[in-house]
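Q: Could you look at this predicted model? Sequence included:
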Amino acid sequence: MPAPRWPALESDPTILTEFARTIGLPGNWAFTDVYGLDEELLSLVPQPVIALILLVPSSVPRTFQPHPIQDNPFFLKQVKELDDACGTIAVVHAMSNNLNTLGIQEGVLKEYVERAGSLSIEEKGHALANNQSFYEKHNHYSDQGQTRPLREGESSNHHFICFTRIGENLYELDGGKSQPISHGQLTTDVLRGAVQAIRAKYMQDPTQLEFSLIALTPSYD
């Protein structure tokens, strides 16, 4: 098996922030770690939380009976050519569904969304895979961080998933799925609503601890 053309990004908020800013994220927003799911730790996360990116082991079942989709999320499929690009796809999902809130007025991401908006989810995936500017920026940041780059035949064995509000509902946007997953109407903020869904769906096995959670929030640097 050849080495992935789109190597995995590291689950590091600094790397995700720097990457996101090269594709159009304004400097007053950033990704930050969520250090735990207890209320005391959630209260430390800057608000408002616009989206969350969950990293889970690939072996964790990702099945769920969704609510009917009542909105029109921007959603792309992780096609074969995007081999290990699930981190980039999660960032794209977080930003593309919040263009106005984030104040994204220009850049590679906005251009891609405008061109791909009317395409099918598979066509959106192919459009991203064939976007040379996205490819170059992704590969620059896939070399960053403490994790050794994957060799031929290796897999990261982890998967990135985005959670965000669209309309009044919480959506789970997983490029490995055939459609967005609606978790229904939010009755709290995005952070706590997503944590409720994550606990119910992904935290059933107490021995499985290989998770990380990163939030897209205002930057106070």
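A: Yep, that arrived. If you're wondering where the values come from, they're calculated on a predicted model, not measured in any experiment.

Q: List the contacts of stretch 103-122.
A: Outside stretch 103-122, the residues that touch it by CB atoms under 8 Å, 6 or more residues apart in numbering are 22-26, 28, 74-77, 79, 92, 95-96, 99, 123-124, 127-128, 131, 133-134, 137, 178-179. Where you see a C-beta, it was placed from the backbone N, CA and C, and this is true even at glycine.

Q: and the longest helix for the protein?
A: helix 190-202 (DSSP state H).

Q: Please save the CA atoms from it in PDB.
A: Output of helix 190-202 as PDB, limited to C-alpha atoms (Å, rounded to 0.1, in the frame of the first residue of the first chain):
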ATOM      1  CA  VAL A 190     -23.100  23.800  21.300                       C
ATOM      2  CA  LEU A 191     -20.300  22.700  23.700                       C
ATOM      3  CA  ARG A 192     -22.600  21.000  26.100                       C
ATOM      4  CA  GLY A 193     -25.000  19.700  23.500                       C
ATOM      5  CA  ALA A 194     -22.100  18.100  21.600                       C
ATOM      6  CA  VAL A 195     -20.700  16.600  24.800                       C
ATOM      7  CA  GLN A 196     -24.100  15.100  25.600                       C
ATOM      8  CA  ALA A 197     -24.100  13.400  22.200                       C
ATOM      9  CA  ILE A 198     -20.500  12.300  22.400                       C
ATOM     10  CA  ARG A 199     -21.100  10.700  25.900                       C
ATOM     11  CA  ALA A 200     -24.200   8.900  24.600                       C
ATOM     12  CA  LYS A 201     -22.600   7.700  21.400                       C
ATOM     13  CA  TYR A 202     -18.900   7.200  22.000                       C
END
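
Q: average pLDDT for it?
A: Mean pLDDT, helix 190-202: 93.

Q: Quick one: list the elements packing against that helix.
A: Packing partners of helix 190-202 (3 or more CB pairs under 8 Å, 6 or more residues apart in numbering; DSSP states H and E): helix 39-42, strand 51-57, strand 158-166, strand 169-173, strand 212-218.

Q: and if we set it to 10 Å?
A: If you count contacts as 3 or more CB pairs under 10 Å, 6 or more residues apart in numbering; DSSP states H and E, helix 190-202 packs onto strand 29-34, helix 39-42, strand 51-57, strand 158-166, strand 169-173, strand 181-185, strand 212-218.

Q: what comes up buried for the fourth one?
A: Buried residues in strand 158-166, counting neighbours by 16 or more other CB atoms under 10 Å, are found at 158, 159, 160, 161, 162, 163, 164, 165, 166.

Q: Can I get that strand as CSV, trimmed to CA atoms?
A: Once non-C-alpha atoms are left out, strand 158-166 reads as follows in CSV (Å, rounded to 0.1, in the frame of the first residue of the first chain):
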residue,chain,number,x,y,z
HIS,A,158,-8.0,7.4,14.3
HIS,A,159,-10.8,9.5,12.8
PHE,A,160,-11.9,13.2,13.1
ILE,A,161,-15.5,14.1,13.3
CYS,A,162,-17.1,17.6,13.5
PHE,A,163,-20.0,18.7,15.6
THR,A,164,-21.7,22.1,15.0
ARG,A,165,-25.0,23.9,15.2
ILE,A,166,-26.9,24.4,11.9
